[in-house]
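Enquirer: Predicted coordinates and the sequence they were generated for:
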There are 2 protein chains.
Amino acid sequence: MLDATVLEARLRPAAVTAAGWPALAPSHDDGTSLGDFLSLGGARMNFERNAEIFAEDDAADYVYRLVSGCVRATRLFADGRRQIGEFHLAGDVFGLDMGATHAFAAEAVDDCVVQLVRRSALFARAATDPELGRDLWHHAAAGFERARERVVLLGRKTAQERLAAFLIEMDTRFGGRGSFELPMSRLDVADYLGLTIETVSRSFSHFEHEGLIALPQARRVRFVNRAALSWRSGH
Amino acid sequence: MLDATVLEARLRPAAVTAAGWPALAPSHDDGTSLGDFLSLGGARMNFERNAEIFAEDDAADYVYRLVSGCVRATRLFADGRRQIGEFHLAGDVFGLDMGATHAFAAEAVDDCVVQLVRRSALFARAATDPELGRDLWHHAAAGFERARERVVLLGRKTAQERLAAFLIEMDTRFGGRGSFELPMSRLDVADYLGLTIETVSRSFSHFEHEGLIALPQARRVRFVNRAALSWRSGH
DNA sequence: CGCGGTATTGATTGCCGTCAACAAAGGTGG
DNA sequence: CCACCTTTGTTGACGGCAATCAATACCGCG
């Protein structure tokens, strides 16, 4: 089912070193007081590239806020297949599961700084702070909406549509300047989009040859024709 | 990209007729007071099979609770491709989007009874009722976790693994008795699992011939070997 | 009984996965 | 600063799973 090199890469041991309710936050914004709560009260930790922040089935006792870097949420099958649930960028809050254990592992895509607080502390505070309660809902609802969009992408879009949608998503999250540096490898992109590295690479090349994007380096993306790329994403 | 019959079926006009935070709810439970709020205050409406409850991009002014029947959340592409985001069964609360408009349409899979209240009423009450606030979070967080599992299913599972996972999910939601009646067509199942009706049908037949399930009628499913089926789902 | 909607099964195609080779980039040590 | 090696990315040839195309069977209902 998998190339040996890819399988090895996936199994590689990670070396650890007040408003009212209806106010709506912009996309990919985890709200304000949730992030504030974490940034004010949280202990800081550093993780180097590929380090495991928490494993699947680890007790979900802590909630994390990414100060800098990029984190992937991964689910690994026994046979080596892997799916990345989401990528977290600076400012994102993650690891807030409903159950007692994490449903996905979290790994540093590149060197990361995170802050963390006990989940129980967050919940305790939420019981008396309605604004924090609203932000918790915002956080969960935003995650839900993003996951639903990925369901559409993975269920019905072609390889090229997936990559186009991914590039537009990343550009948006990096500020929408039409030029950005991907922190993750082709393998990570493939496992995020439900594809293989080869198909991802071919789709990149295809867009480049078509004049939709420029690739000065493998991970450096510059939009040349954003409208066409957007069209290709299948909306 | 699509069979004409299927496309027509998808585009068919729908004829409308008419305490504390950390407490964790069991899966597929929308919490208590959220459902209570809707069942106590909600106006009742009936929808017949294939009726549209709300359209994509409709104003998300109401929140719904399904009293009886089955509802599908759909996203339709311009070229006829369709993805079902989720199925709702009796007791489920749906339509609670974060934005001003619905991200998916909702259609009655079979004859349905729903109750609805204004979203603003829900939010207003949540501002003063911390228990309701917690239930709102529960609802969103549960939706998020389900959507994440579907991302794994759609991103990395084979056709047979998808169907096996679907059957186990449905059995669980119908009480886990190992025997249940599917309210939805093969087309709905296909669009839920990111497959085609033919592949879904073949997978059903395959499981039947293998002795994992029995199919007294097309939509009547009885588990014969649940352990093997569970194994096939890829977990 | 006949009809429309639904489901199954078979034949064939095609997109993407697999296998394989090579190229480019980045790091390390001489 | 370059040789060497490892990691990462690209490209080509081929194969397989699921989609597409097509025909037939089933089922509830007028």
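Expert: Arrived safely.

Enquirer: What strand or helix carries A:R150?
Expert: helix A:130-156 (DSSP states H and E).

Enquirer: Next, the angle helix B:130-156 makes with that helix.
Expert: Between the axes of helix A:130-156 and helix B:130-156, defined by axes from the mean of the first three to the mean of the last three CA atoms, to 10 degrees, the angle is 20 degrees.

Enquirer: right, is helix A:130-156 up against DNA strand C?
Expert: No: applying CB under 7 Å from any atom of the strand, one finds helix A:130-156 separated from DNA strand C by no less than 10.3 Å. For every residue, glycine as well, the C-beta is placed using N, CA and C.

Enquirer: can that helix be found next to chain B?
Expert: Yes: applying CB under 8 Å from any CB of the partner chain, one finds helix A:130-156 touching chain B at A:130, A:133-134, A:136-138, A:140-145, A:147-152, A:154-156.

Enquirer: isn't A:F77 right next to B:G234, touching?
Expert: Yes: assessed by CB atoms under 8 Å, A:F77 is found in contact with B:G234 at 6.5 Å.

Enquirer: Common neighbours of those two, please.
Expert: B:R156 (CB atoms under 8 Å, 6 or more residues apart in numbering or on different chains).

Enquirer: can you give me the strands for chain A?
Expert: With DSSP state E as the criterion, chain A has strands at A:43-47, A:52-54, A:62-68, A:70-76, A:82-89, A:93-94, A:105-108, A:112-118, A:179-181, A:213-217, A:220-223.

Enquirer: May I see the buried residues of stretch A:45-56?
Expert: Residues of stretch A:45-56 classed as buried by neighbour count (16 or more other CB atoms under 10 Å in any protein chain shown): A:45, A:47, A:49-55.

Enquirer: can I see the domain layout of chain A?
Expert: What the record gives for chain A is the domain set A:4-155, A:158-232, from automatic domain parsing.

Enquirer: Where among the ones you listed is average confidence lowest?
Expert: Mean pLDDT values for those show the minimum at domain A:4-155, a mean of 88.

Enquirer: First-to-last residue distance for it?
Expert: Using CA to CA, to the nearest Å, the end-to-end distance of domain A:4-155 comes to 27 Å.

Enquirer: which residues are there in chain A that come within reach of DNA strand D?
Expert: Taking CB under 7 Å from any atom of the strand as the contact definition, chain A meets DNA strand D at A:5, A:9, A:185-187, A:197-198, A:200-202, A:204-205, A:215, A:218-219.

Enquirer: Could you report the separation of the nearest residue to A:L11 once chain neighbours are set aside from A:L195?
Expert: Distances taken as CB to CB, 6 or more residues apart in numbering or on different chains place A:G80 nearest to A:L11, at 6.8 Å, with adjacent residues excluded. Distance of A:G80 to A:L195, given as CB to CB, to the nearest Å: 15 Å.

Enquirer: Between those two, point out the one with more neighbours.
Expert: The neighbour count for A:G80 versus A:L195, taken as other CB atoms under 10 Å in any protein chain shown, is higher for A:L195 (22 against 16).

Enquirer: hang on, that one packs against A:R162?
Expert: Yes: proximity of A:L195 to A:R162 meets the contact threshold set by CB under 8 Å, at 6.6 Å.
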